[in-house]
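Enquirer: here is a sequence together with a model predicted from it:
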Amino acid sequence: MKKLCLLFAPALLSACGGPAEKPVSKAPADPMLVSASPDLARRLRVEPIGLAPVSDTLRVAGQIDFDENRLARIGATVTGRVSAMQANIGQQVGRGSVLAQITSTDLTTQQLAYVRARSALELNRRNAERARTLYAADVISAAELQRRESEYSVSSAETRAAADQLRLLGLSGSALGRLGARGAVASVSQVTATMSGVVVERHLALGQVVQPSDQLYVVADLSKVWAIAQVPEQQVRLVRQGEKVTIEIPALGDAQRSGRLVFVGHTVDPKTRTVLIRTELDNADGQLKPSMLATMLVQGEAQPRLVVPASAVVREDNEDHVFVAENGGTKGEARYRLRRVRLGDEEEGRRVVLSGLKQGERIVVDGAFHLNTERNRQASEAQ
């Protein structure tokens, strides 16, 4: 009987409102907050964030192109038929090199006109000299002397005009001299390079009839080339002539070349709503080929922006975070809160703050990885 009373005593006390123990509930731990031990705190470097000059970088697709100032489009000087070709695409040629030959009846006709003009000039020169002698002997009148001198002047002008016409048709000075001295008429006109470079285009074939308006060859000096791109009109405000440009060429393993903008277009293309920009690149090694794809990175004028070191950034759940220093805990230990932030792309070891931080806030700039490991450990133990 005594044993039975002892067994039911606790139940009776509880039913009568006697003292009973209640379970103690702990407040849930903040998973974004971490307390650093003195040893860990000594390994951390904490600094206030501030402003620094940062240049916005505009990235636009472009390509390598010929330097138009180093490009020669060469045509025929006469109408005729192609009788020989000496230059092929890819061939290096010098200024004055013969590229092709054209047989032209127009050239022959013009040379005969020059020979006749020279003959008439010589005849009228002698007549004028004889007239001066006769006039001095009072054999002819002054009017007759004047007429013969006038004929000589007209012949001189006609000869000069015929010579100029032959020069326009591509006849060299030496050939013109031989024509005047011996009357050697040549029906072949030579197409010559007007500059040194590489033959990049050829538009003729043997037997083809060509005219002065036809473009037969294109010769380019590739020691310098252009990199060009089209900038959307909404972003034109970010580019200025003289700004630094970095060019990435995928065909060369994303090799980079540096330069400066030498031209920013003054008009907008009404079809594409873009503005042309251009930079000049050295190409002594010949690696840059016209029409190669390229990406132009235009670095704008530096502006003060809030930045954090790249070493302070912690990636968590595919988002950027930094540790912000808070007041010490109850035991005086250092405490840090992991805060999500929006940052720009990394450039020169730092990232621009887009949102989530204010100027002057103290963050962990060195040792953030170790601090995040400690945070994960404390969060696991709190569960």
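Expert: Done, it's in.
Enquirer: buried residues in whichever strand or helix holds Arg81?
Expert: Per DSSP states H and E: Arg81 is located in strand 80-85. Of the residues in strand 80-85, 80, 82, 85 count as buried by neighbour count, 16 or more other CB atoms under 10 Å. Placement of C-beta: from N, CA and C, glycine included.
Enquirer: shaky segments in the chain?
Expert: Applying pLDDT under 70 to the chain flags residues 1-29, 328-332, 383.
Enquirer: contacts only, for Thr279.
Expert: Counting by CB atoms under 8 Å, 6 or more residues apart in numbering, Thr279 makes contact with 226-227, 245, 247, 259-262, 296.
Enquirer: do the same with Glu374
Expert: Contacts of Glu374 (CB under 8 Å, 6+ apart): 34, 36-37, 40.
Enquirer: which residues in this structure form helices?
Expert: With DSSP state H, the ranges of helices along the chain come out as 2-15, 38-42, 105-136, 142-168, 173-182, 368-382.
Enquirer: and of the ones you listed, who's closest to Asp30?
Expert: helix 368-382 (9.0 Å; CB to CB).
Enquirer: now that closest one, how far from the chain's geometric center?
Expert: Distance of helix 368-382 from its chain centroid, counting by CA atoms, centre = their mean, to the nearest Å, is 48 Å.
Enquirer: show me how to select, in PyMOL, the buried members of the contacts of Glu374.
Expert: Restricted to buried positions by 16+ other CB under 10 Å, the PyMOL selection for those reads:
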select buried, resi 34+36+40
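Enquirer: strands of the stretch 201-350 of the chain, start to end?
Expert: 209-210, 215-220, 224-232, 244-249, 255-264, 274-282, 293-309, 314-316, 319-326, 334-340, 342-343, 350-355 (DSSP state E, counting those that start in this stretch).
Enquirer: would you reformat those as TSV and include distance to Gln92?
Expert: What follows is these, written out as TSV (distance: least, CB to CB, whole Å):
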stretch	distance to Gln92
strand 209-210	24
strand 215-220	10
strand 224-232	16
strand 244-249	23
strand 255-264	23
strand 274-282	18
strand 293-309	25
strand 314-316	54
strand 319-326	54
strand 334-340	60
strand 342-343	51
strand 350-355	48
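Enquirer: looking at these, which is nearest to Glu201?
Expert: Proximity to Glu201, assessed across these by CB to CB, is greatest for strand 215-220 (3.7 Å).
Enquirer: what are the pairing partners of the closest one, and which direction each?
Expert: Strand 215-220 pairs in its sheet with strand 71-75 (antiparallel), strand 197-202 (antiparallel), by DSSP bridges.
Enquirer: turn those strands into a markdown table, including mean neighbour count and distance to Tyr336.
Expert: Output for those, formatted as a markdown table (neighbours: other CB atoms under 10 Å; distance: least, CB to CB, whole Å):
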| stretch | mean neighbour count | distance to Tyr336 |
| --- | --- | --- |
| strand 71-75 | 16 | 62 |
| strand 197-202 | 18 | 63 |
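Enquirer: relative to Val209, which of those strands is closest?
Expert: Checking these against Val209 by CB to CB gives strand 71-75 as the closest, at 13.4 Å.
Enquirer: I'm done for today, thanks for sticking with me.
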